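Novice: Sequence first, predicted model second:
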Amino acid sequence: MTIYEGNYNGQGKKIAIVTSRFNEFITARLLSGAEDMLIRHGVARENIDVIWVPGAFEIPFITKRAVNSQKYDGVLTLGTVIRGATTHYDYVCNEVSKGVAQVGMNSNIPVLFGVLTTESIEQAVERAGTKAGNKGAETALGLLEMISLNEQFQIESIGMN
Ligand SMILES: Nc1c(NC[C@H](O)[C@H](O)[C@H](O)CO)[nH]c(=O)[nH]c1=O
Ligand SMILES: CC(=O)[C@@H](O)COP(=O)(O)O
């Protein structure tokens, strides 16, 4: 039986963080948590690029551009979508989640989804560094694990050529 699993070693890794500015009060804390997690696991500060977009709906487009640049070992997406008085929330959430997943499936590097989709501001605050943790930090750690796992398969595929 062969078990594949990734580690959290960020040394030498180049990361793009695509972050939406809408609800910046929350998203800035997701970004801070993600940056802290990456740096504490060995990613050099100069190897982290932060790319700001207006809102979550714009995340997939720029994430695709970041992937296609071939500059990065992985891409992290961060944002905060909070339900308002209309159904706009549902359309934004559906498209950003579907779009990020689609970019990831069509990519040779990991793309992780760190966009909060909450029913209230309180739920968002809880997930941005208070009693429900920091989803930016958690997703950043997952990205390092996926980069490591992805490299194991890239090495294997080279071996098969
Ligand atoms: N309501 C939220 C939005 N709405 C804006 C859209 O994401 C998009 O920027 C606009 O529709 C133009 O294309 N964005 C968030 O990130 N969070 C929200 O709560
Ligand atoms: C998630 C959204 O787009 C939302 O903030 C918009 O608010 P509203 O539905 O009240 O227009």
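Specialist: Received it, and whenever you're ready, just let me know what you need. Ligands and ions are numbered 1, 2, ... in the order given.

Novice: what does stretch 47-62 contact?
Specialist: With contact meaning Cβ atoms under 8 Å, 6 or more residues apart in numbering, stretch 47-62 is reached by 12-22, 31, 35, 38-39, 66, 71-72, 77, 79-81, 92-93, 95-96, 99-100, 102-103, 115. All C-beta atoms are positioned from the backbone trio N, CA, C, and that covers glycine.

Novice: Out of those residues, which end up buried?
Specialist: The neighbour count (16 or more other Cβ atoms under 10 Å) marks 13-20, 22, 31, 35, 38, 66, 72, 77, 79-81, 92-93, 96, 99-100, 103, 115 as buried among the contacts of stretch 47-62.

Novice: Those in strands, which ones?
Specialist: Using DSSP state E, 15-20, 77, 79-81, 115 are the members of the buried ones among the contacts of stretch 47-62 that sit in strands.

Novice: ok, and which of the residues you listed reach ligand 1?
Specialist: Restricting those to those near ligand 1 by Cβ under 6 Å from any ligand atom leaves 20, 79-81.

Novice: so what does the strand or helix carrying Gly33 touch, helix or strand wise?
Specialist: Assigned by DSSP states H and E, Gly33 belongs to helix 24-40. With contacts defined as 3 or more Cβ pairs under 8 Å, 6 or more residues apart in numbering; DSSP states H and E, the packing partners of helix 24-40 are strand 15-20, strand 48-53, strand 74-82, strand 111-118, helix 121-126, strand 128-130, strand 133-134, helix 135-160.
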